[in-house]
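Enquirer: Structure, please.
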Amino acid sequence: MKKAKIYKPNKTATQSGLGKTDKWILEFEVKDPTKNPLMGWESSSDTYSELKLEFSTKELALNYAKKKKIDFELIEPKKRKVVKKSYADNFLN
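Expert: Numbers count the residues shown, from 1 in each chain. A predicted model of the protein is given here:
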């Protein structure tokens, strides 16, 4: 079986909230992508590269990978450092 990575997605740069970051993703790694000669797009003949599985908890994702005998790499999310700011702080200094 191919190697997969299990991770929790980060928020996008255009998001201010944490929507859609509560799920765990199991995604297979792409092997040797090729460049399409007609359009110049990156493509692959590997259909596993199109597969993304979503799980509500890390344990469910790990159990699925172990049950299906998938080699995986677990990427733990980094803790966010929250700095509380006030609009008034712009004018105090």
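
Enquirer: Let me see the ranges of the helices in this protein.
Expert: Secondary structure of the chain by DSSP state H: the helices cover 58-67, 89-92.

Enquirer: Which stretch among these is buried most, on average?
Expert: Among the helices of the chain, helix 58-67 has the highest mean neighbour count (mean count of other Cβ atoms under 10 Å), at a mean of 14. All C-beta spots, glycine's among them, are computed from the backbone N, C-alpha and C.

Enquirer: Could you give the average pLDDT over that one?
Expert: Computed over helix 58-67, the mean pLDDT rounds to 96.

Enquirer: List the contacts of it.
Expert: With contact meaning Cβ atoms under 8 Å, 6 or more residues apart in numbering, helix 58-67 is reached by 4, 6, 8, 24-26, 53, 55, 70, 72, 74.

Enquirer: So which bits of stretch 40-50 are buried?
Expert: Residues of stretch 40-50 classed as buried: 46, 49 (neighbour count, 16 or more other Cβ atoms under 10 Å).

Enquirer: what's the span of that stretch, first residue to last?
Expert: 19 Å (Cα to Cα, to the nearest Å).

Enquirer: do the same with stretch 61-75
Expert: This stretch, stretch 61-75, spans 12 Å end to end (Cα to Cα).

Enquirer: Distance from the chain centre to that stretch, please.
Expert: Relative to its chain's centre, stretch 61-75 lies at 15 Å (Cα atoms, centre = their mean, to the nearest Å).

Enquirer: do stretch 45-57 as well
Expert: 10 Å.

Enquirer: What does the pLDDT read for the closest residue to Asn36 other than its chain neighbours?
Expert: Once flanking residues are discounted, Asn36 sits nearest to Ser43: 4.8 Å by Cβ to Cβ, 6 or more residues apart in numbering. In this model, Ser43 is scored at 75, pLDDT.
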